[in-house]
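Enquirer: my questions concern the predicted model and sequence given below.
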Amino acid sequence: MARTITGTGRVTIFSLLHDWETASHCVLAYTTVDNGLTAVLGSVPVEGNVFEPGDLFATAVRHGFIGEWKGAREQRAACWLACTGSGSRTVRKADTIDVQEAAWTLDMARTVDLDGSYYGHQRVHAGRFTLDDPELTARAWALLPERVMTAV
């Protein structure tokens, strides 16, 4: 059963090509809790997007790992997620949405305590990310290319 956490703060929202073979895109949101010690990453559910990745740790595994990230598969996947979230904020794509104050909810699928500090984080929470503001949600949904949407 997923645990739900909520918060308010800076949120960075961006699109991600998460599966090259199918050209599958999703929308991810990144924020932090615990004074930045915990990275929070979630897939923003987009109505009609049949390509939503589900398990972000599995997405990280499919993307492969950089040699500097040592340890078990789960540790390396958490490092990739921390890097992806942090990187989305520090090196933004042109269409990235970065808001200083947004209320959010994460239906947490998994948490990993890192074996060291990576990108300023010691823990990673991942799951489904919901934005409380309907206008911000609509802006997030608009980040997806039209071709990923199904007929509703």
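Expert: That came in fine, so what should we check first?
Enquirer: can you give me the helices in the protein?
Expert: With DSSP state H as the criterion, the chain has helices at 56-63, 73-90, 134-141.
Enquirer: identify the residues contacting the helix-or-strand element of the chain with minimal mean pLDDT?
Expert: Sorted by mean pLDDT, DSSP states H and E, the helices and strands of the chain end with helix 56-63, the least confident at a mean of 80. Here helix 56-63 makes contact (C-beta atoms under 8 Å, 6 or more residues apart in numbering) with 18-19, 28, 41-43, 53, 73-74, 76-78, 80-81, 84, 109-110, 112, 126-127. For glycine as for every other residue, the C-beta is placed from the backbone atoms N, C-alpha and C.
Enquirer: go again with 10 Å.
Expert: Applying C-beta atoms under 10 Å, 6 or more residues apart in numbering, the external contacts of helix 56-63 come out as 16, 18-21, 24, 26, 28, 41-43, 53, 55, 73-74, 76-85, 109-110, 112, 124-129.
Enquirer: can you list the weak-confidence ranges in the protein?
Expert: 1-2, 20-22, 64-70, 146-152 (pLDDT under 70).
Enquirer: just to revisit the earlier point, now the helices of the chain in a markdown table, with mean neighbour count?
Expert: Shown next, in a markdown table, are these (neighbours: other C-beta atoms under 10 Å):
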| stretch | mean neighbour count |
| --- | --- |
| helix 56-63 | 20 |
| helix 73-90 | 21 |
| helix 134-141 | 15 |
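Enquirer: ok, residue 142 to residue 97 distance?
Expert: As for residue 142, its distance to residue 97 is 9 Å (criterion: C-beta to C-beta, to the nearest Å).
Enquirer: between the two, which contacts overlap?
Expert: 15, 27.
Enquirer: looking at these two, which one has more neighbours?
Expert: residue 97 (19 against 13; other C-beta atoms under 10 Å).
Enquirer: show me what the more buried one is bridged to.
Expert: residue 13 (DSSP bridges).
Enquirer: so what's it up against?
Expert: Per C-beta under 10 Å, 6+ apart, neighbours of residue 97: 11-15, 27, 29, 131, 136, 139-140, 142-143.
Enquirer: quick one: work out the angle between the least confident helix or strand of the chain and helix 73-90.
Expert: 90 degrees (axes from the mean of the first three to the mean of the last three C-alpha atoms, to 10 degrees).
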